[in-house]
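Undergrad: everything below, folded, please.
(chains A and B)
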Amino acid sequence: MSDNARTALVIGRISALCLFGLAVTYGVGGASIEYAFSSDPLGPRVVPVALALILGLLCVFYVRSPGTAEAFPSGRLLWRVLAIPLVLVFCVAVFETAGFAISIFLLTLGTGLIFGAPLGYAAAGAAGHAALWWFIFSYLLQVYLPTGTLFG
Amino acid sequence: MNLDYLWHGFTVALTGQNLLVGLIGCFIGTLVGALPAIGPINGIALLLPIAYTMGLPAESTMILLSAIYCGAEYGGRISSILLNVPGDAGAVMTALDGYPMARQGRAGEALTLSGISSFVGGIFGSIGLARFAPVLARLAIGFGPAEYFVLMVFAFATLGSMVGSQPVKTLIGCTLGLMLATVGLDATSGAYRFTFNQPELGDGIEFVVLVIGLFSISEALVILEHQGRGFTVIRELGRMTVRAADVARCTGTMLRSSVIGFVVGVLPGTGASVSSAIAYTTEKRLSDTEDTFGKGDVRGLAAPEAANNATACGAFVPMLTLGIPGSGTTAVMLGALMLYNIQPGPMLLTERPEIVGGLVASLFIGNFLLLLLNLPLVNIFARVLTVPNWLLVPGILVLSIVGVYSTHASVFAIFLMLGIGMVGWLLRKAGFDMAPIILGFVLGHVMEINLRNALAISGGELSILFSSTICIVLWVMAAAVAVLPTMLSWRSRRLKMARATRMPAIDGAPRLD
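TA: Okay, the predicted model is just below:
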């Protein structure tokens, strides 16, 4: 068996298990939906339960033929990939308190660095992004964006 | 055939605002298509919240989004030809002959010819859409809830059997989309489903949040993984004209591929990747007498380009007339219509002719604009390929965040988008396509409502789903598209085996295996 096929098999099995778990959880959740009255014969439970059954069944086929999959990154690349959501979560968490300009500057600086830009380039790019998007959204499109406690 | 709606559409599309919107859409679409990372769905997903918050009327938004869609189909060829990396799924086949042409110093010729092929496909598709949309809409007026439900089953069956080589994953994607559509308040019974006591989920998962999360956020991670693979842009474009002999050689190819593209586009759930592959292989079978395909044959370049543009127009037929998207991108556009509280379907043509007519007319105008933009400005679009990822990806992320914030003014929505993006990335690693999830999500609510309405009418009798001729025809078609590909591949395997066992007896040669 080639490396690609082995990777696909492993990823396929893990994914199928996760999806099967999701199907069970979703099905149980669907079966326990509470409602006071119903004006239709089907009610709000049947479709979720049916979908859970379909997903469970499809997972069985998925385990048997996992198809193609891509290997997960490892080493330094994995850390870089994981760093992106971390930067995003941090910047979104401070979005309203720090304001649009600061949070977007941090976001674009962080992701620029993760994508391999030199610090000076990343900082200049980040300042440019923050200014450009602020101008486009706040002035041209008149979209409300938080200014943050520092500027507000 | 009554084409009054089209003339009305031209009066809508030719207003100053809509012409400007269309031109901007064509330009952005070509840029988006030229960038290998983004593609039409991402472009539309990112621009949709902006269009919505700008307060554009529904018809202008649809014109903008359709211009982006068609522009991306044009632009996708640029990176295929100059970089050997398709700008979107529809341009995969373009690289097969486009890149060899570019390596032979004929990049400019390839770009011009593919622009002309795209134009032919786009115009042919627009004519098809204009003529067939009213016919299908008239047919669909007889559809009740049961027929609609079965039609959606047919759409999923088509999708599962025709898109990609992994039907199980496609169907799992559809199911996940259907499951996501059940989140929120059930309007019929008043029950909250899968909201985890979060008031923000009461109205369900917002379309913009899902589409931006699945496409843009996961794309950023994919770009990071794939960067540094050493793609080199071909900078010498050569002459930008195309020989008349080459155009004459490709004329039949363009017309045949346009027909294939349009027909495939009309089928629910299939997209440009399928049509361009079919057009290319058809042309190869018909014309490749000297084994030149894959080595820079102009017909191998013209076929997928004409097909994918015709598909883009064909995909609007089921979307506008039946409310069933013909492709992943039209699924996003269907969601966009729903944001405006417009339910696509057979009545849309009579109730909102300005939307259908405006969109169809703008496709005609857009194709001319795209040809005018693409031939002289191709150098500028080619330069986009040199924008570094460290500058491009942060821009995509900012647009994603601000796009969601501007429509929902809620940090919860942004976090939800990030979570969906991470799950989307995991699914993409496992080989799942994102388009079926969107298709399932968009159709999920309508499908459930129609099923429940049908059963309410019949007093709970499932026989209503088989009671009309339309239902039975649709069930048969659904069964046929689900089973036929498997039967055909089984038959071809058997034929191959039979031929292999017979071969020594026929030619007397010893078998090499």
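Undergrad: make it CA atoms for all contacts and neighbour counts henceforth
TA: Will do.
Undergrad: okay, now residue 89: neighbour count?
TA: No chain was given, so I picked chain A. 17 (other CA atoms under 10 Å in any protein chain shown).
Undergrad: oops, wrong one, chain B.
TA: B:Ala89 - counted by other CA under 10 Å - has 18 other residues nearby.
Undergrad: which residues touch it?
TA: Listed by CA atoms under 8 Å, 6 or more residues apart in numbering or on different chains, the contact set of B:Ala89 reads B:Ala272, B:Ser273.
Undergrad: look up phi and psi at B:Ala315.
TA: phi -60, psi -20 (degrees, to the nearest 10).
Undergrad: can you tell me how far it is from B:Gly323?
TA: According to CA to CA, to the nearest Å, B:Ala315 stands 11 Å off from B:Gly323.
Undergrad: max-length helix in chain A?
TA: helix A:3-31 (DSSP state H).
Undergrad: which residue does the stretch 1-150 of chain B bring closest to chain A?
TA: B:Met54 (6.0 Å; CA to the nearest CA).
Undergrad: no no, the stretch 251-400 of chain B
TA: At 4.5 Å from chain A, B:Trp390 is the closest residue in the stretch 251-400 of chain B, using CA to the nearest CA.
Undergrad: that residue is in contact with A:Pro118, isn't it?
TA: No. Contact status for B:Trp390 versus A:Pro118: not in contact, 9.6 Å apart, counting by CA atoms under 8 Å.
Undergrad: between the two, who's got more neighbours?
TA: Neighbours were counted for B:Trp390 and for A:Pro118 using other CA under 10 Å; B:Trp390 has more, 24 against 12.
Undergrad: got the confidence number for residue 20?
TA: This is for chain A. Here the pLDDT value assigned to A:Phe20 is 96.
Undergrad: chain B is the one I meant
TA: 93.
Undergrad: any idea how many residues pack against it?
TA: 15.
Undergrad: and for A:Val60?
TA: Count around A:Val60 with other CA under 10 Å applied: 15.
Undergrad: so what's it up against?
TA: Taking CA under 8 Å, 6+ apart as the test, what A:Val60 contacts is A:Ala16.
Undergrad: so it sits in a helix?
TA: Yes. Residue state for A:Val60 (DSSP: H, G, I helix; E, B strand; the rest coil) corresponds to a helix.
Undergrad: on that earlier part again, so what does the longest helix of chain A touch, helix or strand wise?
TA: helix A:46-64 (3 or more CA pairs under 8 Å, 6 or more residues apart in numbering or on different chains; DSSP states H and E).
Undergrad: for chain A, what helix or strand is lowest in average pLDDT?
TA: Every helix and strand in chain A was compared by mean pLDDT, DSSP states H and E; the lowest is helix A:148-151, with a mean of 70.
Undergrad: could you tell me which residues of the stretch 1-150 of chain B lie near chain A?
TA: Residues of the stretch 1-150 of chain B lying close to chain A by CA under 8 Å from any CA of the partner chain are B:Ile50, B:Thr53, B:Met54.
Undergrad: low-scoring stretches of the stretch 251-400 of chain B, by residue?
TA: B:269-270 (pLDDT under 70).
Undergrad: and the strands in it?
TA: Assigned strands in the stretch 251-400 of chain B: none (criterion: DSSP state E, counting those that start in this stretch).
Undergrad: quick check: residues of it near chain A?
TA: Residues of the stretch 251-400 of chain B lying near chain A (CA under 8 Å from any CA): B:Asn389, B:Trp390, B:Leu391, B:Val393, B:Pro394, B:Gly395, B:Val398.
Undergrad: dump those into TSV; add distance to B:Asp203 as well.
TA: Output for these, formatted as TSV (distance: CA to CA, whole Å):
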residue	distance to B:Asp203
B:Asn389	36
B:Trp390	36
B:Leu391	36
B:Val393	31
B:Pro394	30
B:Gly395	29
B:Val398	25
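Undergrad: farthest pair within those?
TA: B:Asn389 and B:Val398 (13.9 Å; CA to CA).
Undergrad: who's in contact with the residue nearest to A:Phe137 when sequence neighbours are not counted?
TA: The shortest distance from A:Phe137 to any non-neighbouring residue, by CA to CA, 6 or more residues apart in numbering or on different chains, is to A:Val143 (5.4 Å). The neighbours of A:Val143, taking CA under 8 Å, 6+ apart as the test, are A:Phe137, B:Thr53, B:Met54, B:Ser406.
Undergrad: so A:Val143, which state does it fall into?
TA: A:Val143 - assigned by three-state DSSP - is coil.
Undergrad: what's the spacing between it and A:Trp133?
TA: With the distance defined as CA to CA, A:Val143 ends up 11 Å from A:Trp133.
Undergrad: cool, and B:Ile414?
TA: 17 Å.
Undergrad: more neighbours: these two, which one.
TA: B:Ile414 (25 against 19).
Undergrad: contact partners for the more buried one?
TA: With CA under 8 Å, 6+ apart, B:Ile414 has these contacts: A:Val92, B:Val209, B:Ile401, B:Val404, B:Tyr405.
Undergrad: quick one: classify B:Trp7 as helix, strand or coil.
TA: Following three-state DSSP, B:Trp7 is assigned to helix.
Undergrad: that one and B:Val356 touch, don't they?
TA: No. With contact defined as CA under 8 Å, B:Trp7 and B:Val356 do not form a contacting pair (11.1 Å).
Undergrad: and these two? Which one has more around it.
TA: B:Val356 (29 against 15).
Undergrad: any regions of chain A where pLDDT drops low?
TA: In chain A, residues with pLDDT under 70: A:1, A:37-39, A:150-152.
Undergrad: and the residue nearest the centre of it?
TA: A:Pro85 (8.1 Å; CA atoms, centre = their mean).
Undergrad: how near is that residue to chain B?
TA: 7 Å (CA to the nearest CA, to the nearest Å).
Undergrad: now do the contacts for that residue.
TA: Counted by CA under 8 Å, 6+ apart, A:Pro85 has contacts B:Leu418, B:Met422.
Undergrad: next, it: secondary structure please.
TA: helix.
Undergrad: and B:Gln104, what pLDDT?
TA: At B:Gln104, pLDDT is 87.
Undergrad: distance-wise, check it relative to A:Ile11.
TA: Taken as CA to CA, the span from B:Gln104 to A:Ile11 is 41 Å.
Undergrad: which one's more surrounded, the two?
TA: A:Ile11 (23 against 12).
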